[in-house]
Structure formats: structure tokens, C-alpha cells
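[1] here are the coordinates; sequence isn't available:
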Ligand SMILES: NC(=O)c1ccc[n+]([C@@H]2O[C@H](COP(=O)([O-])OP(=O)(O)OC[C@H]3O[C@@H](n4cnc5c(N)ncnc54)[C@H](O)[C@@H]3O)[C@@H](O)[C@H]2O)c1
């Protein structure tokens, strides 16, 4: 009986959410039409208000990061607040030039015309965010959507309720719901949103859900930006600065306890320097989080977002160990406390699950190699990664890796900073994503580039029917000379 009542209640709630979503979506139609004519001042004013509200709620965002996954305050500020402020400042400074129509030279076939691209808001857009950087990955794209002049609906992840509550508070402080609205809830809420004919969907999450989003978007031919995940490889060759590599790779890996889309997933290290690299890694771990036995108490390590994910990461570790892998350091797991120690794993057989699934947790496989070609072949046999990191002082090795592999982004002698570089596109390639965001690229993702040609001299007149011998000669001339 209870199950039936629960089901009926859930269905009723679902219907209520759907009609609420529909109501807001309809309201946003008029806003989108108004925004089509909005200028720089109006858009910048919105971004300034958003930025001020983020800063005013700084402590609340820090508290939410701690409540959701025990995230240290410094990490919340560095990875959740700073990127949003940087995105906002970039848009405030540059929006004037981004919005300006861009003139182009006439091509040989369009001599006598004036051509330019005009940047128009896409209209009503949907931003779907994941849980791992809930503030950054919903408000960062929001800045770009506002810069481009859109009405926006945001769907944050259900797994970080404290962050969602702060985001909701910030948005309510700054926007009317016909400008920016937020719908919290499980995947079913995202599915209800995906039924609507949005003008663009900006989705950040897993490749599996990315496919669902793209299929739903296809029904309305809605354009998509898909910021997805995957296994980002890191290569450390025998010429690398091992101390610098170890410190930087581990920082990139264990920030947010490994729950970062562009974290180094696994490391290929040249066999001749593997032992030295491992020693540097252990020293770097101790510097950052204390001795192995103290690391569970470190205030600088976040926790896994929930028990289900802690269990998922534990299964990867157990499977690797069962197949003969060796834990170099770490390996302690308490799923109840959502704690998994920073763990380095060696001697992993190729068929271990950890070598094919995105780890998204604090386990770092170290794989030794002697021949760079085999590493490149392995990388190319896997789906195209979101990021690739190379540590080397040998230009020939760097060139070889960069020319013979692909990835959404890459760093040479660095990790993860491509995210913070606002002048570069941030995105994946195929399985790791489609399209890109950040800065100007974010503005473009949420804009329609309308191609406009203004006629001056009417060259086309020469080709009007009736088609005479002269017309044919002229066409031949163009074919030869164009
Ligand atoms: N490329 C990037 O910038 C980037 C950044 C962060 C995370 N990621 C990736 O995101 C993944 C982790 O985040 P996650 O677990 O929140 O991802 P996810 O794909 O499970 O969820 C993302 C969002 O989609 C919604 N969702 C879940 N199932 C859905 C469904 N069936 N239909 C419609 N919507 C659904 C969720 O509610 C959430 O809001 C990892 O793969 C990671 O690499 C990528």
C-alpha cells in the first residue's frame, strides 16, 4: 500500500515539476526576445551583480563545500570561487569587443559586397552541471550565457545539495526567474528539462549521460556543448624534472580527492626513472598531507562525494589488487566516512577495471614504459581523452607525443592549468566532449554567429538567365580564376 502511495506522490510531484518548468520556460520566451536587443551595459550589469553575490556568499559557498564533501576552504576558494570571478571579470573587460560585429574581406566570388558576422544570443538555454565543482561548473557557464544575452535555466547535480542551496540563494538574490531560473532534483528533473526545445544546451558530466543529452537535443535540433570526462593520461619520460613532476601531478590528482574531470587519471613513467619518481611522489604526498598514517586526519584532503561513489572507487582498487597490483602507498578505505587515502598503485595488469574506467577518485596507477611508441599506441587505442600531460625536457619527445596523439587540451610540464587559462578554449574531443567554453569561447558557445552580406555592386546580375554564350564564358573564367 505504502509503495503505491509513494509512487502516486512521486508521479504527482513529477507532474508538478514538469508544469513548473513549462511555466518558467514560457516566461523566458519574452525575456529572450527582449535580450536579443540587449547591449553591453545591460549584460555587464547582470554579470557584475552575479559576481557581487558570489563574493557576498563566499563563506556560505565554503561551508557548502565542506558540508557536501569535506572540502578544505582553500580548495573551495581556488576551484569554485576564483574561476567564476575570473570568468566574470574577463567578460566584463572584453564583452564590448566580443559583441562587436566582425568584418570580413570579400572572397573572390563576393567581390562588391561587405560581409560581417553578427553575434546574436541563442535565446533560451539550459545549463546542466555535475557535482564535482558544483558552483564553478554552473556559474562559470552562466557568466558566458549572460554575456551572450540569453535567458537561462540551470539544473545542478542532486549529489551536492548544500552547494545547490547556495547557488539557488545567489540566483534568487540577483535574477528574476524569467532571466535565470534553477531547478534542483534528480535525473528525472533533467529529463523533464531535456524535453523542451531549448536553443542551446551546455552539459557538463559523464560521457554516458552526454549521449542521453545529445539524443534528447536531436529531437529539437538543439545545439549542444558537451563537457565530458574520461581517462586523462600523463607521461613522465626519462628527462623530466621528477621532483617538479611529482609535486604537480599529485596536486592535480588529489585536489578535490581526485574528483576532477581533468585530473591525471594514470601516469606512464619511463622504467629507468620509475623508482626515483615514486620516491618523489611519496615525499610530495608527505609534504602535502603528512605521513601515510596521518593522512586520514589531514585537513587538506576532501572526501568522496557519497558512499556510492566511495564504494565505486573501492571496487576499482580491490579489483586491481585481486589481479596482482601493488599498492605503493595509501590504500586505506572507509566507505562509511567516504575516505579513501591518496593511493599510488604499481604493477597493474592491463585487464584491471582501473585501466578502462574513469577513476574519478584518489587512486593513481603508475605504469612503467621503455618505448614511447607503445605508450602512444595505448593512448590512441583508448577513447580520446579530455586532457593529456607530458613531462619531459626533450623537445623531440614532446613533439612526438603532441603530433601523434589527440586530446581536448594538453599541458607540457604542467597539469590542469589549462582550465584556468581564460584565453584558451576548454573542452574535449568526441568521447570527452563536443564544443568548448571559457572566456571568448564560452561567449561563442552561447551565441549564434549570423553571417551577413550587404550588397554593393550586383555581380550576380551577370549570371541571371537567360544563359547565353557570354554567361557560360564568364562562369568558365570564374572556375579558372577563383
Ligand atoms: N569536461 C568537463 O569540464 C567536466 C567537468 C566536471 C566533470 N566532468 C565529468 O562529469 C562526470 C562526473 O559528474 P557527474 O557524476 O555529476 O556526471 P553525470 O553525467 O552523472 O551527471 C551530470 C548531470 O546530469 C544529470 N543526469 C544524470 N543522469 C541523467 C539522465 N539519465 N538524464 C539526464 N540528466 C541526467 C545529473 O542530475 C547532473 O546534473 C565525470 O565523467 C567527469 O569527468 C567533466
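    That came through, no problem. A quick note: this is a predicted structure, and the numbers were derived from the prediction, not measured.
[2] can we go C-alpha only for contacts and neighbour counts from here?
    Noted.
[3] tell me the residues of the chain that contact the ligand?
    Residues of the chain found near the ligand (C-alpha under 6 Å from any ligand atom) are 128-131, 155-158, 186-187, 190-191, 204-206, 209, 227-230, 261.
[4] and the contacts of the helix or strand containing residue 203?
    In this structure, residue 203 sits in strand 200-204 according to DSSP states H and E. Residues from elsewhere that reach strand 200-204 (C-alpha atoms under 8 Å, 6 or more residues apart in numbering): 122-130, 137, 141, 210, 213, 217, 222-228, 446.
[5] could you pull up the mean pLDDT of it?
    The average of the pLDDT scores along strand 200-204 is 98.
[6] tell me the gap between that strand and the middle of its chain.
    10 Å (C-alpha atoms, centre = their mean, to the nearest Å).
[7] list the neighbouring strands of it plus their orientation.
    With DSSP bridges as the test, strand 200-204 is paired with strand 124-128 (parallel), strand 223-227 (parallel).
[8] export the ones you listed to a markdown table and tack on mean neighbour count and mean pLDDT?
    Formatted as a markdown table, the strands paired with strand 200-204 follow (neighbours: other C-alpha atoms under 10 Å; pLDDT from 0 to 100):
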| stretch | mean neighbour count | mean pLDDT |
| --- | --- | --- |
| strand 124-128 | 26 | 98 |
| strand 223-227 | 25 | 98 |
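[9] which of those sits closest to residue 16?
    strand 124-128 (19.4 Å; C-alpha to C-alpha).
[10] just say helix, strand or coil for the residue nearest to residue 105 when sequence neighbours are not counted.
    Using C-alpha to C-alpha, 6 or more residues apart in numbering and skipping the chain neighbours, the partner closest in space to residue 105 is residue 115 (6.9 Å). Assigned by DSSP: H, G, I helix; E, B strand; the rest coil, the conformation of residue 115 is strand.
[11] ok, now which ones touch residue 115?
    By C-alpha under 8 Å, 6+ apart, the neighbours of residue 115 are 103, 104, 105, 106, 451, 452, 453, 454.
[12] repeat the analysis, applying 7 Å as the threshold.
    103, 104, 105, 106, 452, 453, 454 (C-alpha atoms under 7 Å, 6 or more residues apart in numbering).
[13] what residue is smack in the middle of the protein?
    When C-alpha atoms, centre = their mean is applied to the chain, the residue found nearest the centroid is residue 227 (4.1 Å).
[14] list the beta-bridge partners for it.
    Bridge pairing for residue 227 - DSSP bridges - gives residue 204, residue 433.
[15] ok so, going back, which among the residues of the chain next to the ligand count as buried?
    128-131, 155-158, 190, 204-206, 227-230, 261 (16 or more other C-alpha atoms under 10 Å).
[16] identify those among these that sit within strands.
    128, 155, 204, 227 (DSSP state E).
[17] ok, the second one touching residue 131?
    No: here residue 155 lies out of contact with residue 131, judged by C-alpha atoms under 7 Å, at a distance of 10.8 Å.
[18] next one, pLDDT for residue 16 please.
    pLDDT at residue 16 comes out at 89.
[19] swap that for residue 461, please
    87.
[20] returning to what we had before: and whichever helix or strand comes after the strand holding residue 203, what does it pack onto?
    Next in sequence after strand 200-204, counting helices and strands by DSSP H and E, comes helix 207-220. Applying 3 or more C-alpha pairs under 7 Å, 6 or more residues apart in numbering; DSSP states H and E, one finds that helix 207-220 contacts strand 223-227.
[21] ok, now with 10 Å
    helix 187-194, strand 200-204, strand 223-227, strand 433-434 (3 or more C-alpha pairs under 10 Å, 6 or more residues apart in numbering; DSSP states H and E).
[22] what's the first one in contact with?
    The contact list for helix 187-194, computed with C-alpha atoms under 10 Å, 6 or more residues apart in numbering, reads 14-15, 17-19, 21-22, 25, 126-128, 153-158, 183-184, 201, 209, 212-217, 219-220, 222.
[23] report the buried residues of the host helix or strand of residue 276.
    In this structure, residue 276 sits in helix 274-289 according to DSSP H and E. By 16+ other C-alpha under 10 Å, the buried positions in helix 274-289 come out as 274, 277, 278, 280, 281, 282, 283, 284, 285, 288, 289.
[24] now swap in stretch 396-414 and tell me
    In stretch 396-414, counting by 16+ other C-alpha under 10 Å, buried: 397, 398, 401, 402, 406, 407, 408, 409, 410, 411, 413, 414.
[25] what's the answer for stretch 358-370, then?
    358, 359, 360, 361, 362, 363, 364, 365, 366, 367, 368, 369.
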